[in-house]
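Undergrad: only the shape, not the letters, is given here:
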């Protein structure tokens, strides 16, 4: 997929395509990378999602809205968005990151989503960035449930299993990789009674557990 096609897929035609190119360039590739755009995009994504939630849920308090936003804007959810839109196929990485699977690393994927939104903001302003956020996060926003989405995935999964009188899930670290300052953890979540086994990745054990729990919760709710 060429960059122009990718841009259209995320809902924006760039006036300055170089902004998109930089947004998809990891620091391992060179000095002209996406770190500053990621810094900017982090704030834009949070603001765009906050505005969307504010409009959709006029009955919710500030605390409830904050919890919903935190459920939508975090590393696992943004990495999942990046995987769905094939961000990894467009990333420019250094040789070391290519060899170590950086194109699928959750932290790199999540940062690239924020960097791309930051690039759209610079290219065409806040309204255009909001449209891109709706394209990328629209499915998650449309299906969010204010009654449960303020809870983290491990809590939601535990409550769901307890209500069905099913034994709590078992978590185990399957592997770690990467340098000490940028490790990636793989954690397995197993629910023997339901035959569910999921694998989450993250920059910490906790993040990986939450991602594995999120996947398991989705599967458990299909039963």
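TA: Alright, I've got the coordinates. Here the structure is a predicted model, which means the values were calculated and not measured. Numbers count the residues shown, from 1 in each chain.
Undergrad: what strand or helix carries the residue of the chain positioned farthest from its centre?
TA: In terms of distance from the mean C-alpha position of the chain, residue 165 ranks first, at 31.1 Å (Cα atoms, centre = their mean). For residue 165, there is no host helix or strand (DSSP states H and E).
Undergrad: got the domain boundaries for this structure?
TA: 3-142, 153-220 (automatic domain parsing).
Undergrad: the ones you listed into CSV, with extra columns for mean pLDDT?
TA: CSV is the format used below for the domains of the chain (pLDDT from 0 to 100):
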stretch, mean pLDDT
domain 3-142, 92
domain 153-220, 90
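Undergrad: give me the neighbour count for the residue nearest to residue 13 when sequence neighbours are not counted.
TA: Leaving aside its sequence neighbours, residue 13 sits nearest to residue 7 (Cβ to Cβ, 6 or more residues apart in numbering; 6.1 Å). (C-beta placed from N, C-alpha, C; glycine too.) Using other Cβ atoms under 10 Å, the number of residues around residue 7 comes to 22.
Undergrad: so what's the spatially most central residue of the chain up against?
TA: What sits nearest the mean C-alpha location of the chain, by Cα atoms, centre = their mean, is residue 78, with 1.4 Å. By Cβ atoms under 8 Å, 6 or more residues apart in numbering, the contact list for residue 78 reads 45, 109-110, 113-114.
Undergrad: could I get those as a markdown table with neighbour count, secondary structure and distance to residue 59?
TA: Formatted as a markdown table, the contacts of residue 78 follow (neighbours: other Cβ atoms under 10 Å; DSSP: H, G, I helix; E, B strand; the rest coil; distance: Cβ to Cβ, whole Å):
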| residue | neighbour count | secondary structure | distance to residue 59 |
| --- | --- | --- | --- |
| 45 | 26 | helix | 24 |
| 109 | 24 | helix | 34 |
| 110 | 25 | helix | 30 |
| 113 | 29 | helix | 29 |
| 114 | 24 | helix | 29 |
